[in-house]
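J.: missing the sequence, but the structure's below:
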């Protein structure tokens, strides 16, 4: 019998996992059920509440490059924060980058990524790579502003 070495998560993966666990726990506390196959089934009330939660104040943007890379930034109802979604990445865990609750931050990330990805006609892997660099740069700038 061989023991597999546990996978070490990156900081971003740990943050995503923690946010999902906390979000799922809150949904379960409010009536959602974990089904036999592991799916989380929310109540009708929870579904309606998520659909109606301040839709006019939320930012949403979607772009597709000429090389087929699609991405969007929008409010994630379950994580309760903005997320950058890039479908089709090699690792499904890399499809989402959580951005926090600040609308201006999310819009800035989206606009910067849209400009860069469209300018160079990025494919999916390169879009994911530059997305992470942009998010990291925005976080660093945000932290510098908080310190000053």
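T.: That came in fine, so what should we check first? Predicted, not measured: the structure shown is a model, and the values here were computed from it. Numbering: from 1, shown residues only.
J.: tell me which residues in stretch 110-117 are buried?
T.: Within stretch 110-117, the residues scored as buried using 16 or more other Cβ atoms under 10 Å are 110, 112-114, 116-117. (Glycine included, C-beta is placed from N, CA and C.)
J.: Helix or strand next in line after the worst-scoring helix or strand of the chain on mean pLDDT, which one?
T.: Least confident helix or strand of the chain, by mean pLDDT, DSSP states H and E, is helix 44-52 with a mean of 63. Counting by DSSP states H and E, the next helix or strand C-terminal to helix 44-52 is strand 61-64.
J.: Report all helices and strands that the helix or strand that comes right after that next one contacts.
T.: Next helix or strand after strand 61-64 toward the C-terminus (DSSP H and E): strand 70-76. Counting contacts by 3 or more Cβ pairs under 8 Å, 6 or more residues apart in numbering; DSSP states H and E, strand 70-76 is packed against strand 61-64, strand 81-85, strand 96-100, helix 103-120.
J.: between the last one and strand 70-76, how big is the angle?
T.: Okay, so that is helix 103-120. Using axes from the mean of the first three to the mean of the last three Cα atoms, to 10 degrees, the inter-axis angle of helix 103-120 relative to strand 70-76 is 170 degrees.
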